[in-house]
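Participant: just need the structure, nothing else, for what follows:
(chains A and B)
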Amino acid sequence: MPERAQILPGTLDLLILKAVSLGPLYGYGILLRIEQISHGALLIEQGALYPALFRLVRQRLLKAHWGTSENNRRTRFYELTTAGRKRLRQQEDGWNRLVAAIGSALKAQPEEI
Amino acid sequence: MRTIASLRSVVSALFRRSVFENEAENEAENELEEELRAHIQDRANDLERSGVPRAEAERCARLEFGGYQKFREECREAQGTHFFGSLIQDLRFGLRMLRKSPGFTAVAVLTLALGIGANTAIFSFVNAVLLRPLPYPHPERIVSVWEKNPGGGGNPISSLNFLDWQRQNRCFQFFSAIARDTVTLTGPGSPEELNVHRVSASYFNVLGVRATLGRTFAESKDKDEAGNDLEVVLSDRIWRGRFGGDPEVIGRQITLDAKNYTIIGVLPANSEFDRSWAVMWLPLAFTPANMTRNYHWLYAIAGLGPGVTLEQARAQMDTIGARIAAQFPDSNKGWGVRVDPYIDQVVQPELRRSLWVLLAAAGAVLLIGCANIANLTLARGTAREHEIAVRSALGAHRLRLVRQLLTENISLGFLGGVAGLALGSAFMRGMKLCLPPDMLPAQANVRMDYGVLLVTMVIGILTGILFGLAPALSGTRSDLARSLNERGRTTGGLTPHRMRTALVVAEVALSFVLLAGTGLLVRSFNRLASLDPGVDTTNVLAMDLPMPPTEFTNSAALTNYLREVTGKVKSVPGVRDVAITDKPPMEGFANGAPFLIEGRNDDPYSPSVAGFKVVGPSYFDTVGMRLLKGRSLDEGDVAGAVPVTVINETMAKTYFKGEGPIGKRILIRQLVFGKSARGPEIPWQVVGVVRDEKVGGKVFSLDEDIPVVYVTFYQSPGTRNSLVVRAAMNPSLLSGPIEQAIWKVNKNQAVANIETLEEIKSQSVAPARLRTALLAIFAAIALLLAAVGIYGVVSCSVAQRVREMAIRLALGASPGDLLKLVIGKTMLVVMAGLALGGAAALALTRVLASLLYDTSPTDRVTWVVAGALLAAVALLACYIPARRAMRVDPMVALRYE
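Facilitator: Below is the predicted model:
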């Protein structure tokens, strides 16, 4: 198993939005999807997922409905709303700009100053 | 009662709603549970698939998930919708906790009810008298208008001056004169004396009041002339009381002072007119007889014209006043016009101040009550530390715990508010029964209205927050591990202790301020009540003999009539002495008299003023006033003889310093019989000096020394007459026979206001007695609460320190040492409170100064007694629990550990 990184505060919402944007998912499925798309490099406290999901639903970025998982369990499924899709795009852009900025800052060599 | 019923329905609605909310909440709860469980099961399945045994997989899944309860709680909070639901939950939990400790709840609710009840009752008076004193459409536009006498004070107005003002001013939209009068209503039944106001036609326009039945006076030019004034407007009270509430009464004729008046209107029910001194309103007509400038007898109110400010009105009236003074220097030199807001006339400064002082006292009682409950809550907080520690270990947020404790306290405050409302409305009713008549302005309608109701409930809830917040914060800050381990075994947390000490200091300080203030008022009241009125009040009866001014056409007929009445009354068995007077003792003056002393070069335009009292020659003997010099008035001082006067001691001391007054002549304008006018100056020869009698009355207070000249009614007859009768026995038994004797002379003579001098004296100090009694009640409650507070703190700290005490005993301390330790520490706190209270009282009792008679606000005896009383009560309150510390058995206490 590769070394896992603790996620930055505030990025869990972004990850959830991204995971759900690929198709409606239930709670455990979201966890697996994040693990899969991050190639198992991100460590998420499992329980923390749910308060975040409830918050996103309350902000009308996600909507929830009851369904049956592939394990044949009745559970809640989450999917993006239009507002959620918009928010995801904004957050992706913001994140990329931040990463680029931090990345270039860290790549700086002494002679560039 | 209706308010309580509706409150009950609101409360039960709250709970019905909670049942509904509960179902929704339960469902949400189950769904959350199902979702989280599905997650853990999925995870366990995955782990099992990777080769972990089922039991181990499930354990791992749960561990990986993290704090299950914590996340559940966070989910609930993230949902947000449950705020109200959990509030209801908190409320129900709080009420359950309160039910579980009925002792605490009862003490707390009772304390709050006392504090809130006192505040509600006093606030209902403040609300009616100070906050909305004038129930008129535009109270701020109404002014009272007075003559300004050479001393600058407000003075009643003379007829001609009023008429000139009325004609010349452009600043008042409506301008009405008012004269107080009494009339005799005759007809079927015995004659009855009624108080009336004679008013200008625009009177009700000034106030903006309309009749509810019929009409009020129509404004027309000739209304103010005698003969066109035979109309009467009734108050609703007398309409229902005397005329059976008959709507057909409009247009009916009644006989007042032997003249037929037509009833034209009835005023609004339950308004100031029902509480007013007057029961009927008659038009004010100026007869040629009272067209004078030097007889001041009218009051006036006016409505400012549109856009006119008070300052503009003052300026304009000053100009008019100056013009009249220049035109008629004989009567008006030095006189001007005063225009004041009407409110200042209605609410006297003494009443205003008394009410604020009482409200502050009630507030202090409530604060002390709050401190007590905060103390109790803190004590319970220490006991509940473990419960709270367990709950926060299980994942409860601090905010949630604080909110829950606060909800508990606010519901306590709410209960206290409801109980306080019931108590306060009973208290208010009691106070209204005890109120002497005329103490409150007629306009003040004291009742529990929605404003008072709202303020009460807000006070209840705010107190809940006030006494709940500190304990809730300190209760939830506790160190988890320590609380769980120690289970509050030893000496308890320090922080709540410090806070409780501070609360006791505050309680003692507040109690001291109240006690000191009360002590001052009690001392002042005792001095006032034991004031020598200058007359012998035992077994003396006073009564008014009202008579219409038109009944006697000449003064000889009147004096003969009065002589006959006096003679008949004197022959009633049990009567020792009887005398005519124009005002009974302690009821003020019928007339004041500007005077000059013959042979002195005083400015004739600014004369001094003395009380002018018209009496029968036997007056001094009847009321028991001692003659100091010269002779008394006697039966020889009749009309036609040399006008003589007996003056009082103050008059002799003030104006005849160092010279014998006997034989000196005092110049006073004569009161003209049958006219509201003063005649020419006549010299009154001083024949004697009597000791002062206290004058009292509405304008003069009982403690003032006022110069008075006494003359006989033979030499200055008037229609305002009273009778004073000294009896050989309890005088109340004689009122019937005396009335019969008077009616033998004249069956139409009304006899009014029969009172003993004792009653009159007691009434004259009634406002002082009432506020002293109220403040004493508040101070007693405060003292009791402070004692309970100290007792609570000490007994709680003794209970918590049993182990420490045991160790001290085991190490050789004597029980007496322990007693000294506990009491010493407590008394140190009490002393700190006393010092703080002393400083506060020094600043605060100053506002009492104007309510005190012959007592300094820093009266040392009062302060020392208040401090000693408080210290003694505090000592008692801590001695009882401290004795318990003495009786600790070290073996038992230490083994328990």
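Participant: helix or strand with the lowest mean pLDDT in chain A?
Facilitator: Within chain A, confidence by mean pLDDT, DSSP states H and E is lowest for strand A:5-6 among all helices and strands, at a mean of 65.
Participant: just the residues contacting the very next helix or strand once past that strand, thanks.
Facilitator: Per DSSP states H and E, the first helix or strand lying C-terminal to strand A:5-6 is helix A:11-21. Residues from elsewhere that reach helix A:11-21 (CB atoms under 8 Å, 6 or more residues apart in numbering or on different chains): A:7, A:25, A:30, A:33-34, A:37-38, A:42, A:44, A:48-49, A:52-53, A:55-56, A:61-62, A:78-80, A:84-85, A:87-88, A:91-92, A:95. C-beta here means a position set from N, CA and C on the backbone, and glycine is covered the same way.
Participant: selecting buried members of those residues in PyMOL, what would you type?
Facilitator: The PyMOL selection below is limited to those of the contacts of helix A:11-21 classed as buried (16 or more other CB atoms under 10 Å in any protein chain shown):
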select buried, chain A and resi 7+25+30+33+34+38+42+44+48+49+52+53+55+56+61+62+78+80+84+87+88+91
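Participant: and the residue nearest the centre of the chain?
Facilitator: All of this refers to chain A. A:Leu15 (0.9 Å; CA atoms, centre = their mean).
Participant: to clarify, I was referring to chain B.
Facilitator: B:Leu355 (4.4 Å).
Participant: which parts of chain A are strands?
Facilitator: Remark: strands assigned in chain A by DSSP state E are A:5-6, A:25-26, A:42-43, A:62-68, A:74-80.
Participant: tell me which of these is the most buried.
Facilitator: Comparing the strands of chain A by mean neighbour count (mean count of other CB atoms under 10 Å in any protein chain shown), strand A:25-26 ranks first with a mean of 23.
Participant: pull the residues that contact that one.
Facilitator: With CB under 8 Å, 6+ apart as the contact definition, strand A:25-26 has outside contacts at A:Ala19, A:Arg33, A:Gly67, A:Ser69, A:Thr75, A:Arg76, A:Phe77, A:Tyr78, A:Glu79, B:Ala38.
Participant: mean confidence score for that strand?
Facilitator: Taken as a whole, strand A:25-26 has a mean pLDDT of 86.
Participant: ok now it, how far from the chain's centre?
Facilitator: 13 Å (CA atoms, centre = their mean, to the nearest Å).
Participant: what of stretch B:400-413?
Facilitator: Distance of stretch B:400-413 from the chain centroid (CA atoms, centre = their mean) equals 35 Å.
Participant: which stretches of chain A have low pLDDT?
Facilitator: The model of chain A has pLDDT under 70 over residues A:1-7, A:9, A:111-113.
Participant: go ahead and confirm B:Leu876 touches B:Val788.
Facilitator: No. Contact between B:Leu876 and B:Val788 fails when scored by CB atoms under 8 Å: they sit 11.6 Å apart.
Participant: quick one, which of the two is more surrounded?
Facilitator: Neighbour count, other CB atoms under 10 Å in any protein chain shown: between B:Leu876 and B:Val788, B:Val788 has more, with 19 against 12.
Participant: which residue comes closest to the more buried one once chain neighbours are left out?
Facilitator: Spatially, and ignoring its direct neighbours in sequence, B:Val788 is nearest to B:Asn372 (6.0 Å; CB to CB, 6 or more residues apart in numbering or on different chains).
Participant: what's the answer for B:Leu359, then?
Facilitator: Using CB to CB, 6+ apart, the closest residue to B:Leu359 is B:Ile122 (4.9 Å).
Participant: residues touching the helix or strand hosting B:Val578, excluding its own?
Facilitator: Secondary structure assignment for B:Val578, by DSSP H and E: strand B:575-581. The contact list for strand B:575-581 (CB under 8 Å, 6+ apart) reads B:562, B:566, B:569-570, B:613-619, B:621-623, B:713, B:721-728, B:734, B:738.
Participant: ok, stretch B:410-420 next?
Facilitator: Residues outside stretch B:410-420 that contact it (CB under 8 Å, 6+ apart) are B:4, B:7, B:91, B:94-95, B:98, B:105, B:108-117, B:119-120, B:373, B:456-457, B:459-465, B:467-468.
Participant: quick one, domains of chain B?
Facilitator: B:1-81, B:139-346, B:495-531+B:766-896, B:546-750 (automatic domain parsing).
Participant: and the third one, how far out from the chain middle?
Facilitator: The chain centroid and the centroid of domain B:495-531+B:766-896 are separated by 28 Å, computed with CA atoms, centre = their mean.
Participant: now stretch B:166-177: buried residues?
Facilitator: For stretch B:166-177, the neighbour count (16+ other CB under 10 Å) marks B:Gln166, B:Asn169, B:Cys171, B:Phe172, B:Phe174, B:Phe175, B:Ser176, B:Ala177 as buried.
Participant: sorry, wrong one. I was asking about stretch B:713-732.
Facilitator: Neighbour counts over stretch B:713-732 (16+ other CB under 10 Å) mark B:713-727, B:731 as buried.
Participant: only alpha carbons, please: show it as CSV.
Facilitator: The C-alpha trace of stretch B:713-732 is given here as CSV (Å, rounded to 0.1, in the frame of the first residue of the first chain):
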residue,chain,number,x,y,z
PHE,B,713,-66.1,84.5,60.5
TYR,B,714,-68.1,87.4,61.8
GLN,B,715,-65.6,89.8,60.4
SER,B,716,-64.8,87.8,57.2
PRO,B,717,-67.8,85.7,56.4
GLY,B,718,-67.6,83.2,53.5
THR,B,719,-69.5,80.2,52.1
ARG,B,720,-66.6,77.8,52.6
ASN,B,721,-67.2,76.4,56.1
SER,B,722,-66.4,73.4,58.1
LEU,B,723,-67.3,72.3,61.6
VAL,B,724,-64.8,70.9,64.1
VAL,B,725,-66.3,69.2,67.1
ARG,B,726,-64.5,68.1,70.3
ALA,B,727,-66.3,65.1,71.9
ALA,B,728,-66.1,63.6,75.4
MET,B,729,-65.9,60.2,73.9
ASN,B,730,-65.2,58.4,70.6
PRO,B,731,-66.3,61.1,68.2
SER,B,732,-67.4,58.7,65.4
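Participant: chain B contacts on chain A?
Facilitator: By CB under 8 Å from any CB of the partner chain, the residues of chain A that approach chain B are A:26-28, A:31, A:45-48, A:50-52, A:54-55, A:58, A:69, A:71, A:73-76.
Participant: next SSE downstream of the strand holding B:Val578?
Facilitator: For strand B:575-581, the following helix or strand on the C-terminal side (DSSP H and E) is strand B:591-597.
Participant: rewinding a little: dump the domains of chain B to TSV, plus mean pLDDT.
Facilitator: Shown next, in TSV, are these (pLDDT from 0 to 100):
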stretch	mean pLDDT
domain B:1-81	71
domain B:139-346	88
domain B:495-531+B:766-896	84
domain B:546-750	86
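Participant: how about JSON lines for these, with distance to B:Leu435 added?
Facilitator: Compiled in JSON lines, these are given as follows (distance: least, CB to CB, whole Å):
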{"stretch": "domain B:1-81", "distance to B:Leu435": "23"}
{"stretch": "domain B:139-346", "distance to B:Leu435": "11"}
{"stretch": "domain B:495-531+B:766-896", "distance to B:Leu435": "7"}
{"stretch": "domain B:546-750", "distance to B:Leu435": "16"}
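Participant: out of those domains, which comes closest to B:Thr538?
Facilitator: Ranking the domains of chain B by proximity to B:Thr538 (CB to CB) places domain B:546-750 first, at 8.6 Å.
Participant: so what's the gap between the closest one and the chain middle?
Facilitator: The answer for domain B:546-750 is 35 Å, by CA atoms, centre = their mean.
Participant: show the end-to-end separation of it, please.
Facilitator: End-to-end distance for domain B:546-750, by CA to CA, to the nearest Å: 6 Å.
Participant: stretch B:337-345 now?
Facilitator: 15 Å.
Participant: in that stretch, what's buried?
Facilitator: Under the neighbour-count criterion of 16+ other CB under 10 Å, stretch B:337-345 has B:Val337, B:Arg338, B:Val339, B:Tyr342, B:Ile343, B:Gln345 buried.
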